[in-house]
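A.B. asks: attaching a predicted model along with its sequence, questions to come.
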Amino acid sequence: MLSKSYFKNLIEARFDVWLKRRLPAVKTITLNRANTFILPSKAGFLYILTVLMLFLLGTNYQNNLILFVVFFLCSFMLTCLLLSYQNLAKLTLTANPVKAQFAGQDCCCSLRISKQNGRAQQVYYEFKKSSSPLQSILSDESVSIYALSKKRGWFEPGRVTVSSRFPFGLFTVWTYIDFGFKCLIYPQPLEKKGVVHTLPGKQTNSGLRSTDSGFEEFAMLKTYLPGESLKSVAWKQVAQGRGMLSKQFEQSQGGDVILDIDDYAFLDLETKLSALCYHVIELYKNNVIFVLKLNDKIITAEHGPAGRASCLQMLALYGAGR
Amino acid sequence: MKEFLTRQSLVLINLSYIAIGASLFNNINPILLIFGLLCAAWRIALFYGRVPLLPKLLLNSAALLSTSFIIVLVYKLGVFSVMQHLILLGFSLKFLELKSERDVHYFVNTGFILVALFYIFNSSIVTSLLGSLLILLLLSVLLSIHAPHSLISQQSKLLLKSVVISLPLAVVLFIVIPRLPSLWKVPLQKQATTGLSDSVSPGEIAQLSRSSELAFRASFSDSPVEESERYWRVMILDSFDGKTWSQSLRKKEEEKNVLRGDGSLYDLRGKFNSYNLILEPHYKTWIPALDYSLVSSSAVNLSDYSLRSRQPVFKRKDFTADLYQSIKSIPINAERRLQLTALPKQGNEKTRLWLAEQLNLGLSREQVLKQVLRGFSEQNYRYTLQPPVLGTDQIDDFLFTTQAGFCVHYASAYIYAARSLGIPARMVTGYLGGEWQADLNFLTVRQYDAHAWAEIWLDGRWQRVDPTAYVAPERVERGLEDALSDSSEFLAEQFFSLQKWRHIGLLNDLRLGLARLDYLWAVWVINYDNKKQLQLLTSWFARYAWLNMLYGILIMMLCAFLFVVLITFKPWQKKKTAAEDRLYLQLQVYYAKLGIIRAKGQTVSDYAEKIRRGINRPTPLFDDFAVNYNRLKYQAGLSTEQRNKLLKQQQLICKQIRSGKH
């Protein structure tokens, strides 16, 4: 069994190498003879078998009508070959940029479709190595294909299989296109009993200040630690039975937030990053400015989605460079 | 289970099932058809969610049970029939498990095989067209599951297109691909045979006389033989039990040997003609033969000069026979003579008595026989297809009481008389006459031309005597319809037969046209073989002596293939440019000459700006053009009228700009 899978892998590897040479990565592609494959489908082989049986029947009974049916079915299959190819030919697909996604969630890779009138019917799109249970969503002008990764970092979902068995199901026309999809996967956010450091006010340097000055703004809830002021206890949440939580107010504490990976010493690396990821998201939600400290790298969070994205990217790619 | 069939596919699947079941109706046990309909009904109910999907175990046991039931039911009918029933059973059972595309493909492929089985028994033009409709229906099932989102009109257009463009190549292949001989011996259904059988009691031929079904067609290399000589010999009946004429054991043995290819050889002299027969399937081996015929291959002669095919004729088949003037008879020995004069010991006393009286009057045996024939023509005998019923002593009753009957009665009485007198005699059944279609050059012989006559051994050879000719000479010269005194007896039960209405001119023309078409179909399609293929291709390529036949064939196939490719991809079709774009392009060419070239991807408004700067003065005309262009391209809900108006304006602007007057 081992050798069998070994050979299978070997063949697949060789095939991939060949595919790479034959169909290099592209952003946009128009399907034609050079980049599509066509072979009889399973049903097509069944059809061929039937035609063979009919041939034997016609020959043995010396029946010209049956033989004519045989010749017709052969000729019909040839027509099907052309029609199947025609259906997919001249279909132009363009890859859209892929949005980053959290680990464990489906990333959506979308393609823009431009087709000739009435062509490209019943085309199926999926990843060659399917990883997501979600079905592709097809509309007239675009298709979204889903891929899933549980690992943070750069994720390449690989080649897209575009296939069709239109019109009679006797042939499968297909191709594996490499759109060079590269999806940034953030760590999966994990709510951990976090340690969020707050810098004392005097230590505040430029840029480490909360944006909204002058207001006592509620920032987040965190687990109540003994010794904290009872004023900051979120009594409402206590009443709801969610345990003792303390309200964090940005201005009241007068300092900025620092997220340090070293504060999670008791966790493994991935969990650490997941916890940090959670906090980054939460802090951005609450518009809190913070500092992200990853060992020797220190980033000051910037405003807006771009800043959030760069923080998350740091987390996603942490340790990837080395 | 998620229903994967659309309503349309379900309708098509059921339709094709019913059509195929109906087409095989004759060869299939009705119980199976009813079972199939139940299966179909179950699948429809499943579609509407009325019944659950059957569990696998139940399905398998049902399949097993029905298979064994069907085998028991049709076991007697032979291997072929069992095979046919089982395929149809599988086809019906498939209904119960149609739950994926794969199942539908199995269903359709089984359908193809059933259509082929239909073709084994049906080869006329009409049935062939019917079969092709079935194939079309099966293909439409495939299309409906693989293109569920297309409209029905689109689907049918695509289906017709793909079928029509596949036909030329199919025809070329049909013409040029050599036919292989049978690879192994094939079983056949024990089919009810049509036409003459191997025993005759008065009544059977009368039954045939009511059928206008085609028996065979014949064309002659020389002029056709005379009407009075068109006695098509089929079978010799030499044993009589008082009621029925049948073949003696010896004859039956001879018939059996035919299948092994054993026959008798003769010394034939004086070849004067030859004829080609297209025999309708009758599932036996006999070939109608004129006296004296010889077929060189695929058939053998029997000792009684009749012809037998080596294999049962289960489809329209053609035979070519040579006609000879004389045959050298083989004398019959004492044992044969005894058998050829054998009669039941008892019965028909009156006839015996009458014959004895005649002999006592001093007449010779030959003279007595002539006396019998004279009686037929001079006494009050009637030729009718609906004779009165005869009693135990058939010959007595016929000769002395009813005096009404048809060929078998007369031949039977004559042979009885001859044998009583000790002259070897035998009954020959076959066909007499036929309709000569002068414009088509062939003779059409139908079942109502079935006939029986006598042969007696005189002067060391067999001589034909047709007693019917003495009572109804028209039967021999002009055919059955003229022989009947009451014409309503002719094809009494076939009101819709075109034969019955042949005196109406238009209908008769139609009938002859159809007959010609049918004849050509039989010769060139059903019986197209390697010989005809060689003949056809040689005649085609004779004009192109430089062309090797093999290359010619390849070129034909290539042409048919190219036809399909060209029709599919239509390389001559260019993308149509819209009218507004055409005008825009003209202006671009015009301004390009002035050195203002539109950059790729530049919008029409930007281009207008560029032009203004390029020629350094306002260009109101092109600005208008740009505005109109944008409206034409992008304004939603533009009516056809508005559109045409705008286009007219654009044309005007374009003209003005290009004339350079502005």
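C.D. replies: Arrived safely, thanks for sending.

A.B. asks: from now on I want contacts and neighbour counts done on CA atoms only, so please keep to that.
C.D. replies: Noted.

A.B. asks: the helices in chain A, which residues?
C.D. replies: Remark: helices assigned in chain A by DSSP state H are A:2-22, A:42-60, A:64-88, A:235-239, A:250-253, A:269-285, A:304-316.

A.B. asks: those helices into TSV, with extra columns for distance to chain B, mean neighbour count and mean pLDDT?
C.D. replies: What follows is the helices of chain A, written out as TSV (distance: least, CA to the nearest CA, whole Å; neighbours: other CA atoms under 10 Å in any protein chain shown; pLDDT from 0 to 100):
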stretch	distance to chain B	mean neighbour count	mean pLDDT
helix A:2-22	25	12	87
helix A:42-60	4	19	95
helix A:64-88	5	23	94
helix A:235-239	46	13	76
helix A:250-253	51	18	44
helix A:269-285	40	20	85
helix A:304-316	30	18	85
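
A.B. asks: would you list the ones you listed in CSV and tack on distance to residue B:333?
C.D. replies: Output for the helices of chain A, formatted as CSV (distance: least, CA to CA, whole Å):
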stretch, distance to residue B:333
helix A:2-22, 81
helix A:42-60, 43
helix A:64-88, 47
helix A:235-239, 127
helix A:250-253, 135
helix A:269-285, 113
helix A:304-316, 113
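
A.B. asks: contact residues of the stretch 151-300 of chain A facing chain B?
C.D. replies: A:165-169 (CA under 8 Å from any CA of the partner chain).

A.B. asks: out of the residues you listed, give me the one that has the most neighbours.
C.D. replies: Counting neighbours by other CA atoms under 10 Å in any protein chain shown, residue A:166 comes out on top of these with 28 neighbours.

A.B. asks: run a quick neighbour tally on residue B:371.
C.D. replies: Residue B:371: 14 neighbours (other CA under 10 Å).

A.B. asks: show me how far the helix or strand where it lies is from its chain's centre.
C.D. replies: Secondary structure from DSSP states H and E places residue B:371 in helix B:365-378. Mean-position distance between helix B:365-378 and its chain equals 46 Å (CA atoms, centre = their mean, to the nearest Å).

A.B. asks: list the buried ones in that helix?
C.D. replies: B:365, B:368-369, B:372-373, B:376-377 (16 or more other CA atoms under 10 Å in any protein chain shown).

A.B. asks: which of those residues lies closest to residue B:5?
C.D. replies: Nearest to residue B:5 among these, counting by CA to CA, is residue B:376 at 73.5 Å.

A.B. asks: what about that closest one, distance to chain A?
C.D. replies: Distance, residue B:376 to chain A, using CA to the nearest CA, to the nearest Å: 48 Å.

A.B. asks: give the burial count for residue B:641, as a bare number.
C.D. replies: Based on other CA under 10 Å, the number of other residues close to residue B:641 is 9.

A.B. asks: residue B:330 - how many residues pack around it?
C.D. replies: Using other CA under 10 Å: residue B:330 sits among 12 other residues.

A.B. asks: now the residue in chain A sticking out farthest from the centre: closest residue in space that isn't a chain neighbour?
C.D. replies: Here chain A reaches farthest from its C-alpha mean at residue A:62, the gap being 59.9 Å by CA atoms, centre = their mean. Ranked by CA to CA, 6 or more residues apart in numbering or on different chains and with sequence neighbours excluded, the top spatial neighbour of residue A:62 is residue B:182, at 6.6 Å.

A.B. asks: how about residue A:59?
C.D. replies: residue B:182 (5.6 Å).

A.B. asks: can you tell me which residues contact residue B:538?
C.D. replies: By CA atoms under 8 Å, 6 or more residues apart in numbering or on different chains, the contact list for residue B:538 reads residue B:549.

A.B. asks: so residue A:71 sits right up against residue B:175, yeah?
C.D. replies: No. With contact defined as CA atoms under 8 Å, residue A:71 does not count as touching residue B:175 (10.1 Å).

A.B. asks: which stretches of the stretch 1-150 of chain B aren't confidently modelled?
C.D. replies: B:1-2 (pLDDT under 70).

A.B. asks: quick one: name the residues of it near chain A.
C.D. replies: Proximity of the stretch 1-150 of chain B to chain A, by CA under 8 Å from any CA, involves residues B:102, B:105-106, B:109, B:112-113, B:116, B:119-120, B:123, B:128, B:139, B:142-143, B:146-147.

A.B. asks: out of those residues, who's nearest residue B:646?
C.D. replies: Nearest to residue B:646 out of those is residue B:147 (CA to CA; 39.6 Å).

A.B. asks: in contact with the closest one, which residues?
C.D. replies: Going by CA under 8 Å, 6+ apart, residue B:147 touches A:121-122, A:166-168, B:155.

A.B. asks: do the same with residue B:91
C.D. replies: So residue B:91 contacts B:107, B:110-111 (CA under 8 Å, 6+ apart).

A.B. asks: before we move on, the earlier item: SS state for the residue nearest to residue A:59?
C.D. replies: Recorded secondary structure, residue B:182: coil (DSSP: H, G, I helix; E, B strand; the rest coil).

A.B. asks: who touches the helix or strand where residue B:112 lies?
C.D. replies: Element membership of residue B:112 [criterion: DSSP H and E] is helix B:101-121. In this structure, residues lying in contact with helix B:101-121 by CA under 8 Å, 6+ apart are A:43, A:46-47, A:50, A:54, A:57-58, A:61, A:63, A:65-66, A:69, B:20, B:23-24, B:84, B:87-88, B:90-91, B:94, B:97-98, B:127-128, B:131, B:134-135, B:138-139, B:141-142, B:145, B:314-315.

A.B. asks: great, nothing more from me.
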